[in-house]
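*Asks:* have a look at this prediction, sequence included:
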Amino acid sequence: MTQVSETPEIEYRNQKGRYPWWVKTVDQITTETDKEQAERPHITKSTALYARHTTREDYETFIQDSPAIGLKYHLGADKMTALWHKQWDRMKRTIEENQPGHTLRDWQFNYATFGSFLSFDVNLDKLTEKTQYVNLVERLGIESWQGSRQEASKTVELVAKSLGATQVGISLVDPQLTYAEAQVPEELKYAITIACDWAPEGIKRMNTPLGDTAVFTAWLRMEKSTWGLKNFIRGLGYQAKILPAPQPAYAVLSGLGELGRTNRLVSPLLGTTMNLLTVATDMPLAIDKPIDFGLQEFCKRCKKCAEHCPVGALSMDNEPSWEPKGEWNNPGKKTYFEDSPKCASYCFRQSSVCAICFAVCPWNKQDKTLLHDVSKVLGAKLPFATKLLVKMDDMFGYGPTKKPDVLEKWWKMDSPLK
Ligand code: SF4
Ligand code: SF4
């Protein structure tokens, strides 16, 4: 997938100051792609546990009986029922045993954050339609807002960040990169991809009910920022819709990061621990270029995510490949394809996002100590240093923990998700 730079409406954003000096902007994404092999992705085959990257109408059409319909497609109804039972039994047992990180209080907090974001999500499109507080263009009968593309891009970024987004990247909508089950109006040409990061205290406790709350509350921020952004853009006289598409593709195209061994986005600033959602619009915007911070070479040697995966769902290959692992993968790119049903079954059984592979990635540290920045730069530029840096990362004690005292400390903090 490449940006169509000869298309007349393309104008690139001024990206000065967006990244540290060791992140380069590039004309092509760093993952090799082949349009001939590419197919439109299918949400129903993707094993997404909750199909959030769709419009509400699409959701109603194909996600009626179970939120995990993609997983059900691959496993069959009987195995799904067995997984539900395992999930329930595990939750009950851990509560009865009062396991640190899995106590009644921990699980109930998990369900409180999960329930809040699900109920908000269910009504999201209806809310957007019905609760636009003021649409001045319509009410005053005036022309749509007009500004330069640079100004428009700066404006949407400011609005999204003010409402909870951590980062914003802009690219072009590619119809081949939207879910086959959904319709995207042709005039929606611009894709605004929003990243909301997970709280570090949650990342430390990943694969427990407490760790999940970092993901769910990041989704709440996401809902606020995308809902507000859609209302804002519509109020200025343009269209705006959630783009039903695989989100990492748009994050890579818009320069938010590169595709890593997890077959997901790795950002030079946030690593892997974030949620992504894209708003499509017809408002003319300046777009971002993809970036290169040396991740492709780093991932070849690091392998930390794959080594820590409890079910071996990630590739341990030395090189990326063109061969998908199954129909849940989209062909047409050279990457480390994952065994999604294996991963999704494990997450479903655990009743947890798991995300151990994300939490251990050396790039997701939010502290910006000099040593760590230098380490990352060295690792990116001198491939032989990667393994050493990964060892150093382990020594610094990053990544999820099972230590009871750390898990229990959660309830002594003032606000662990801030
Ligand atoms: S989320 Fe967990 S099970 Fe899935 S690939 Fe990552 S580590 Fe493996
Ligand atoms: S853990 Fe290592 S191999 Fe995995 S995505 Fe991060 S940098 Fe790449």
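*Replies:* Alright, I've got the coordinates. Numbers count the residues shown, from 1 in each chain. Ligands and ions are numbered 1, 2, ... in the order given.

*Asks:* so what's whatever residue of the stretch 101-250 of the chain ends up closest to ligand 2 up against?
*Replies:* Per Cβ to the nearest ligand atom, Pro248 is where the stretch 101-250 of the chain lies closest to ligand 2, at 11.8 Å. Yep, even glycine has a C-beta here, placed from its N, CA and C like the rest. Shown in contact with Pro248 (Cβ atoms under 8 Å, 6 or more residues apart in numbering): Leu259, Asn263, Arg264, Leu265, Leu276.

*Asks:* how about Tyr19, nearest residue that isn't a chain neighbour?
*Replies:* Pro268 (6.2 Å; Cβ to Cβ, 6 or more residues apart in numbering).

*Asks:* you'd agree the one you found is up against Val23?
*Replies:* Yes - with contact defined as Cβ atoms under 8 Å, Pro268 and Val23 form a contacting pair (5.0 Å).

*Asks:* tally up the residues packed near whichever residue of the stretch 101-250 of the chain sits closest to ligand 1, please.
*Replies:* Going by Cβ to the nearest ligand atom, ligand 1 is nearest to Asn207 of the stretch 101-250 of the chain, at 7.1 Å. Asn207: 20 surrounding residues under other Cβ atoms under 10 Å.

*Asks:* up against ligand 2, what does this structure have?
*Replies:* 260-262, 266, 298-299, 302-305, 360-363 (Cβ under 6 Å from any ligand atom).

*Asks:* kindly indicate which of those lies nearest Leu389.
*Replies:* Top of the list for closeness to Leu389, among those and by Cβ to Cβ, is Pro362 at 6.7 Å.

*Asks:* and the closest one, how far from Ser321?
*Replies:* 23 Å (Cβ to Cβ, to the nearest Å).

*Asks:* same question, Lys241
*Replies:* 34 Å.

*Asks:* repeat for Val26
*Replies:* For Val26, the distance to Ser321 - Cβ to Cβ - is 22 Å.

*Asks:* now do the shared contacts for Pro268 and Val23.
*Replies:* Counting by Cβ under 8 Å, 6+ apart, the common neighbours of Pro268 and Val23 are Ile291, Phe293.

*Asks:* now the element after the helix or strand harbouring Met222, going C-ward?
*Replies:* Assigned by DSSP states H and E, Met222 falls within helix 209-235. Note on helix 209-235: by DSSP H and E, the next helix or strand toward the C-terminus is strand 240-242.

*Asks:* does any part of the helix or strand just after that following strand sit near ligand 1?
*Replies:* Moving toward the C-terminus from strand 240-242, the next helix or strand (DSSP H and E) is helix 247-253. No - Helix 247-253 stays clear of ligand 1 (Cβ under 6 Å from any ligand atom), getting no nearer than 13.9 Å.

*Asks:* again, but for stretch 260-269
*Replies:* No - Stretch 260-269 stays out of contact with ligand 1 when judged by Cβ under 6 Å from any ligand atom, the minimum separation being 6.8 Å.

*Asks:* what number of residues lie near the closest residue in space to Tyr336 that isn't next to it in sequence?
*Replies:* What sits nearest to Tyr336 in space, not counting adjacent residues and going by Cβ to Cβ, 6+ apart, is Ser315, at 4.0 Å. Counted by other Cβ under 10 Å, the residues lying close to Ser315 total 23.

*Asks:* my guess is Ser315 contacts Cys309, does it?
*Replies:* No - in this structure, Ser315 is not within contact of Cys309 by Cβ under 8 Å, at 9.9 Å.

*Asks:* quote the end-to-end distance of stretch 313-330.
*Replies:* Using Cα to Cα, to the nearest Å, the end-to-end distance of stretch 313-330 comes out at 16 Å.

*Asks:* how about it: buried residues?
*Replies:* Ala313, Leu314, Ser315, Pro320, Pro324, Lys325, Trp328, Asn329, Asn330 (16 or more other Cβ atoms under 10 Å).

*Asks:* the fourth one contacts Lys334, doesn't it?
*Replies:* Yes - shown here, Pro320 and Lys334 form a contact pair, counting by Cβ under 8 Å, at 4.8 Å.
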